[in-house]
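A.B. asks: 3D, please:
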Amino acid sequence: MRFDWRRAAAVARKEWFHIRRDPFTLALALVLPLVMVVVYGVAIDFNIKGVSLAVSDSDASQASRRLVDTFDSSAYFRILPAASPAQAVEDVVAERAKAALIIPPDFEKDLSAGRGARAQLLLDGADNATVAPVSQYAATIQTMASERIAGVDLTPPYTLRTRFLFNPELNSRWFVIPGLTVVIMAILSIFLTAMTVAREWENGSMELLLSTPVEPLEIIAGKAAPYAVLGAVALSFVYLIARLGFGVPFAGHLWVFALGCAIFLLTYLAQGLLISVTTRQQTIAMQLSMLTGMLPSNLLSGFVFPIASMPKFFWFFTMLLPARWFMVIARRTFLEGSSLLQLRVPFAALSASCVVMVALATRSFRRSLE
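C.D. replies: Prediction:
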């Protein structure tokens, strides 16, 4: 029996009626993307500012005050005076401060004698997210403070001009929000479709569906179609909020991005159906969908942690994940304006994952029916 679009459409209408009677599904598909974009877009900021700095100035000289003023005048640190070095360390231990600056009593005297003055900067190493940026800020401030204290211009005889391509302001939202399309689509497509066939088996309605002359591929297409529409609507919301609400630029071709979205959505819809067919239980299907959909898209796709800094095993393992390749497509089309030819490797890998996942879902569904 050949594939009949009319039978697939009938299954899709049946699934749409289920969705309309389930407010949770509609809320998850339409409200969750809006909440995630707003929360992630506002809360996540890789540009660290206002770091609390406990300062113990035991010298109280003009030179030490200039050093403290240099830290204070920058937007990166917020000064918390400490009565003693022990108090400054205690502020870091008690998490009242992220760092401590300790200036010894003979700071200006050592400068005047030409021995080279020393001050100590203690950083909270338990918070790896702030250690590297704070260290870079401190190195820059050290140069500025040396000029102020010595009263001479330490500018090198050459000029090195730095220009940041694609994101000149280093705006974290421009980096985070395009990646959110991957996370949101992964969660919605896998989570929603993983519940469909499992719900049919638990409710006993699968037997009724199988009694009709419908091919397995028609059932799969019919059940996936409504969730593909919901995923496309959710993606449209994310795109509009990114462009209009947060001012994220879109430098690429919209059709290239849409093509990547379609392939990625089809891949994860098929994965959700595969989970649903395999488990036949909504509870287990939900757990597997979160384990195979949400966690990889957050942790192993490059959304938060750079793939290049991962161990070799995980670097190669991420090549098997569709989320890793769609993350590249999303960010490069948004910020770099990459063409389909420039993205041929991510598209080829994503397409291969799609073919494999659809084939596995279809084969598993046929076996399940037998």
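A.B. asks: Run through the residues that contact the closest residue in space to residue 67 that isn't next to it in sequence.
C.D. replies: Ranked by CB to CB, 6 or more residues apart in numbering and with sequence neighbours excluded, the top spatial neighbour of residue 67 is residue 145, at 4.8 Å. Every residue, glycine included, has its C-beta placed from N, CA and C. Under the criterion of CB atoms under 8 Å, 6 or more residues apart in numbering, the neighbours of residue 145 are 66, 67, 70, 71.
A.B. asks: Quick check: which element contains the third one?
C.D. replies: Using DSSP states H and E, the secondary-structure element containing residue 70 is helix 62-73.
A.B. asks: The helix or strand just after that helix packs against which elements?
C.D. replies: The first helix or strand that comes after helix 62-73 along the chain, using DSSP H and E, is strand 77-81. Contacts defined by 3 or more CB pairs under 8 Å, 6 or more residues apart in numbering; DSSP states H and E place strand 77-81 against strand 51-57, helix 62-73.
A.B. asks: Taking strand 77-81 as reference, get the angle to the first one.
C.D. replies: Using axes from the mean of the first three to the mean of the last three CA atoms, to 10 degrees, one finds that strand 51-57 and strand 77-81 are set 40 degrees apart in direction.
A.B. asks: how distant is strand 51-57 from the center of its chain?
C.D. replies: Remark: strand 51-57 is offset 32 Å from the chain centroid, using CA atoms, centre = their mean, to the nearest Å.
A.B. asks: now the protein, which segments are flagged as low pLDDT?
C.D. replies: Applying pLDDT under 70 to the chain flags the ranges 1-2, 46, 129, 147, 150-160, 204-216, 367-370.
A.B. asks: Could you chop it up by domain?
C.D. replies: Domain ranges of the chain: 5-44+170-369, 51-150, per automatic domain parsing.
A.B. asks: Of these, which stretch is the most buried?
C.D. replies: domain 5-44+170-369 (a mean of 18; mean count of other CB atoms under 10 Å).
A.B. asks: Can you name the next helix or strand after the helix or strand that the residue nearest to residue 67 is a member of?
C.D. replies: Using DSSP H and E, residue 145 falls within helix 128-150. Following helix 128-150 in sequence order, the next helix or strand is helix 172-194 (DSSP H and E).
A.B. asks: after that next one comes which helix or strand?
C.D. replies: For helix 172-194, the succeeding helix or strand toward the C-terminus, using DSSP H and E, is helix 196-203.
A.B. asks: then that next one to PDB, C-alphas only?
C.D. replies: Coordinates of the C-alpha atoms in helix 196-203 are reproduced here as PDB (Å, rounded to 0.1, in the frame of the first residue of the first chain):
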ATOM      1  CA  THR A 196       2.000  10.900  21.700                       C
ATOM      2  CA  VAL A 197       2.300   7.200  20.800                       C
ATOM      3  CA  ALA A 198       2.900   6.300  24.500                       C
ATOM      4  CA  ARG A 199      -0.400   8.000  25.400                       C
ATOM      5  CA  GLU A 200      -2.100   6.000  22.700                       C
ATOM      6  CA  TRP A 201      -0.800   2.700  24.100                       C
ATOM      7  CA  GLU A 202      -1.700   3.600  27.700                       C
ATOM      8  CA  ASN A 203      -5.200   4.800  26.800                       C
END
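A.B. asks: chain center to that helix, what's the gap?
C.D. replies: Remark: helix 196-203 is offset 32 Å from the chain centroid, using CA atoms, centre = their mean.
A.B. asks: Equivalent analysis for stretch 301-321, please.
C.D. replies: From the chain centre to the centre of stretch 301-321 is a distance of 13 Å (CA atoms, centre = their mean).
A.B. asks: Now do the contacts for residue 235.
C.D. replies: With CB under 8 Å, 6+ apart, residue 235 has these contacts: 33, 181, 184, 185, 261, 265.
A.B. asks: can you tell which of the helices and strands packed on strand 77-81 is closest to residue 89?
C.D. replies: With CB to CB as the criterion, residue 89 lies closest to strand 51-57 of the helices and strands packed on strand 77-81, at 8.0 Å.
A.B. asks: quick one: secondary structure of the residue nearest to the spatial centre of the chain?
C.D. replies: By CA atoms, centre = their mean, the mean C-alpha position of the chain lies nearest to residue 303, the distance being 3.2 Å. Using DSSP: H, G, I helix; E, B strand; the rest coil, the structure places residue 303 in coil.
A.B. asks: which non-adjacent residue is nearest it?
C.D. replies: Counting by CB to CB, 6+ apart, residue 303 lies nearest to residue 179, which is 4.5 Å off, once chain neighbours are set aside.
A.B. asks: next one: residue 92
C.D. replies: Nearest to residue 92 is residue 100, by CB to CB, 6+ apart, at 5.0 Å.
A.B. asks: Please identify the pairing partners of the strand or helix carrying the one you found and their relative orientation?
C.D. replies: Element membership for residue 100 (DSSP H and E) is strand 99-103. Under the criterion DSSP bridges, strand 99-103 sits next to strand 51-57 (parallel), strand 120-123 (antiparallel) in its sheet.
A.B. asks: Just the residues contacting stretch 279-297, thanks.
C.D. replies: 182-183, 186-187, 189-191, 194-195, 197-199, 201-202, 268, 271-272, 275-276, 303, 321, 323, 368.
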